[in-house]
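1. Sequence first, predicted model second:
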Amino acid sequence: MSRVPSGLDAGDEEIGGVGGMRRMVIGVDVGGTKTRLRLAGLAGGEVAVDRTVPSAGWQTRSLPGAAAWLAERVAALPRPGDEVARVVAGAHGCETPEQCAGLERELRALLGLPVTVVNDAELLVPAAGLPAGIGLVAGTGSVAVGRHRETGRHMSAGGWGWVLGDDGSGSALVREAARAVLARADDGAPFEPLGLALLRSYGVPGLPELAAAMSWDGGVETWAEHTPAVFAAAEEGSPLALDVIRRGGAALAGLVVSLALRGAEVSAVVAAGGVIVAQPALLAAFEEELAARLPGVPTTLLRTPPVAGAVELARRPTAEPDPE
């Protein structure tokens, strides 16, 4: 596939490369809603093609199916004269080294190229230009990933889903906010700003309707959409909202501490995800707790696309899978 011509879609950007074979790499960030792919020079320089496509159809229950889905999109990137040296993909849903290794094997067979697959959260640290550290995602869900400081093996904490865990994520913040409001009502206390903010956000007149809406009208998949209501209530001075945010930040810090206690390299933390990027109050709560429990560990808020981390990994001298 490395020398097969392919056209560019509208909106793709192509830079340079006329005459002669060009040594290139491909980086991919497969997210839950969208997938971003980049074709870039092996030795550095500008990105040749940058493409974003919907992640509709992506799943990791069937690794052959996932590989076929991804290979089709990767194969469409190279231009005439491109020779792809390596592909690195950060894959949403690849939660274990075994899953990543299995998807690697399938992709190598389809593409005929060196391929490395990691969890998509592992792209954060290289995207920030750092050699090592912990990647922390706090968006719809939450998870922390890293590598063992001696063996280099993949490690993770959190990411157990919106009902069982994902504390500090948008879904969990709304869940905990609703629990706090309902508990206050059970105590016979009057409404305060957090309760009113949730009612407004869901467009319901009272708490029975709020509980019904959260349980049945879209369910947990829609909870994260209402995260701004929690932070709006905090800005109004709601003690309940402030406590929910404080506990969410502490839970995120706890994920990093868990990895540190298990031997992960924690020279730095790179945070990303729609909630922690958009809400400074959550970032501040996380950093305060992290400083108390792991003094001196800096936090970087990722401003560049994680796909840049996939390109960086692909450009490194080796991009091998986890040791078995």
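-> That came in fine, so what should we check first? Numbering: from 1, shown residues only.
2. Local confidence estimate at Ser238?
-> pLDDT, Ser238: 97.
3. which residue sits closest to it, ignoring its sequence neighbours?
-> Counting by C-beta to C-beta, 6 or more residues apart in numbering, Ser238 lies nearest to Pro193, which is 3.9 Å off, once chain neighbours are set aside. All C-beta spots, glycine's among them, are computed from the backbone N, C-alpha and C.
4. Was I right to think that neighbour contacts Val244?
-> No - here Pro193 lies out of contact with Val244, judged by C-beta atoms under 8 Å, at a distance of 11.9 Å.
5. so where's the chain uncertain?
-> Scanning the chain for pLDDT under 70 picks out the ranges 1-20, 218-220, 318-324.
6. Identify the single longest helix in it, thanks.
-> Looking across the chain with DSSP state H, the single longest helix is helix 239-261.
7. by contact count, what packs against the helix or strand following that one?
-> Next in sequence after helix 239-261, counting helices and strands by DSSP states H and E, comes strand 269-272. Strand 269-272 is packed against helix 124-127, strand 134-138, helix 280-293, strand 299-301, with contacts defined by 3 or more C-beta pairs under 8 Å, 6 or more residues apart in numbering; DSSP states H and E.
8. quick one, domains of the protein?
-> Domain assignment for the chain, taken from automatic domain parsing, gives 1-128+304-324, 170-301.
9. start to end distance for the shortest one?
-> Looking back up the chat, that one is domain 170-301. This stretch, domain 170-301, spans 17 Å end to end (C-alpha to C-alpha, to the nearest Å).
10. Same check on stretch 194-214?
-> Length of stretch 194-214, first residue to last, C-alpha to C-alpha: 15 Å.
11. List the contacts of that stretch.
-> The contact list for stretch 194-214 (C-beta atoms under 8 Å, 6 or more residues apart in numbering) reads 174, 177-178, 180-182, 184-185, 223, 226, 228-230, 232-233, 236, 238, 240-241, 244.
12. so which helix or strand takes in Leu194?
-> Per DSSP H and E, Leu194 falls inside helix 193-202.
13. Next, the angle helix 239-261 makes with that helix.
-> 90 degrees (axes from the mean of the first three to the mean of the last three C-alpha atoms, to 10 degrees).
14. Just the buried positions in the next helix or strand after helix 193-202, please.
-> Once helix 193-202 ends, the next helix or strand along the chain (criterion: DSSP H and E) is helix 207-216. Within helix 207-216, the residues that qualify as buried are Leu207, Leu210, Ala213, Met214, counting by 16 or more other C-beta atoms under 10 Å.
15. Now the next helix or strand along the chain from helix 207-216 - C-alpha only, CSV.
-> As assigned by DSSP H and E, the chain's next helix or strand after helix 207-216 is helix 227-235. Extracted in CSV, the C-alpha atoms of helix 227-235 (Å, rounded to 0.1, in the frame of the first residue of the first chain):
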residue,chain,number,x,y,z
THR,A,227,-21.4,19.2,32.7
PRO,A,228,-21.5,23.0,32.2
ALA,A,229,-24.4,23.2,34.6
VAL,A,230,-22.2,21.9,37.4
PHE,A,231,-19.5,24.6,36.8
ALA,A,232,-22.1,27.3,36.3
ALA,A,233,-23.5,26.5,39.7
ALA,A,234,-20.0,26.6,41.2
GLU,A,235,-19.6,30.1,39.8
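16. So which residues make contact with helix 227-235?
-> Under the criterion C-beta under 8 Å, 6+ apart, residues 170, 173-174, 177, 193-194, 196-198, 200-201, 240-242, 244-245, 275, 279, 281-282 lie in contact with helix 227-235.
17. Any of the residues you listed buried? List them.
-> Neighbour-count burial (16+ other C-beta under 10 Å) applied to the contacts of helix 227-235 gives 170, 173-174, 177, 193-194, 196-198, 201, 240-242, 244-245, 275, 279, 281-282.
18. Can you tell me the SS state at the residue at the greatest distance from the centre of the chain?
-> Here the chain reaches farthest from its C-alpha mean at Gly188, the gap being 39.9 Å by C-alpha atoms, centre = their mean. Here Gly188 takes the coil state, with states given by DSSP: H, G, I helix; E, B strand; the rest coil.
19. ok so, going back, just say which of the helices and strands packed on strand 269-272 is most tucked in.
-> Among those, strand 134-138 has the highest mean neighbour count (mean count of other C-beta atoms under 10 Å), at a mean of 31.
20. Can you pull out the residues in contact with the helix or strand following it?
-> Using DSSP H and E, the helix or strand that follows strand 134-138 in sequence is strand 142-147. Applying C-beta under 8 Å, 6+ apart, the contact partners of strand 142-147 are 119, 121-122, 132-137, 153-159, 165-169, 172, 251-252, 255-256, 258-259, 264-266, 273.
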